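Peer 1: could you look at this predicted model? Sequence included:
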Amino acid sequence: MVSAPIKLIVVRSMCKIYYEVIRVSSMKQFDLIDLTERVEDVVRKSGIKNGLCLVFAPHATAAIIANEREYGLLQDILTFIKELVQPGRGWKHNAIDDNAHAHIGSAVIGSERAFPVIDGKLVRGTWQNIFLVEMDGPRSVRNVIIIVIGD
Ligand code: ZN
């Protein structure tokens, strides 16, 4: 049996990269900060029509999620995260820095989310707002890098 050769097609196009670092602050130890409008604003400013938008939190104790902005649900998500990461548990890292739970939350949930950009707009579901998950607040400054890649 002879298998067909693998064909590699390279499409060359002019790829543009645009990014901004936005700054937010958190008010509580556990908090959800809605970044949606600011992310959409960066996509608009990028002028990129089709590509990908990455929202990345360069922090080991925070995370990024996309979900519905409904007050009860936001409380539910925070309740679930607290149950998951167990802030009161005797984590070893707490001996040097009392925030092991936040590191674990960041590791499990993830520091980034990627979204398609189509026809110049960030693509997200009707019930998908973009949030920074604070797990070691309050913090006066949390950076979020928003990078748009495409053409
Ligand atoms: Zn730590």
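Peer 2: Right, received. Where do you want to start?

Peer 1: can we go C-alpha only for contacts and neighbour counts from here?
Peer 2: Fine.

Peer 1: for this protein, what's the longest helix?
Peer 2: Selection of the longest helix in the chain by residue count, based on DSSP state H, yields helix 71-85.

Peer 1: could I get the full set of helices for the protein?
Peer 2: Under DSSP H, the chain gives helices at 36-46, 71-85, 100-109.

Peer 1: tabulate those in CSV, adding columns for mean pLDDT, distance to the ion and mean neighbour count.
Peer 2: Formatted as CSV, the helices of the chain follow (pLDDT from 0 to 100; distance: least, Cα to the ion, whole Å; neighbours: other Cα atoms under 10 Å):
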stretch, mean pLDDT, distance to the ion, mean neighbour count
helix 36-46, 98, 28, 17
helix 71-85, 98, 14, 14
helix 100-109, 98, 6, 20
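
Peer 1: does the longest helix of the chain pack against any helices or strands, and if so which?
Peer 2: Where contact means 3 or more Cα pairs under 8 Å, 6 or more residues apart in numbering; DSSP states H and E, helix 71-85 is packed against strand 31-34, helix 100-109.
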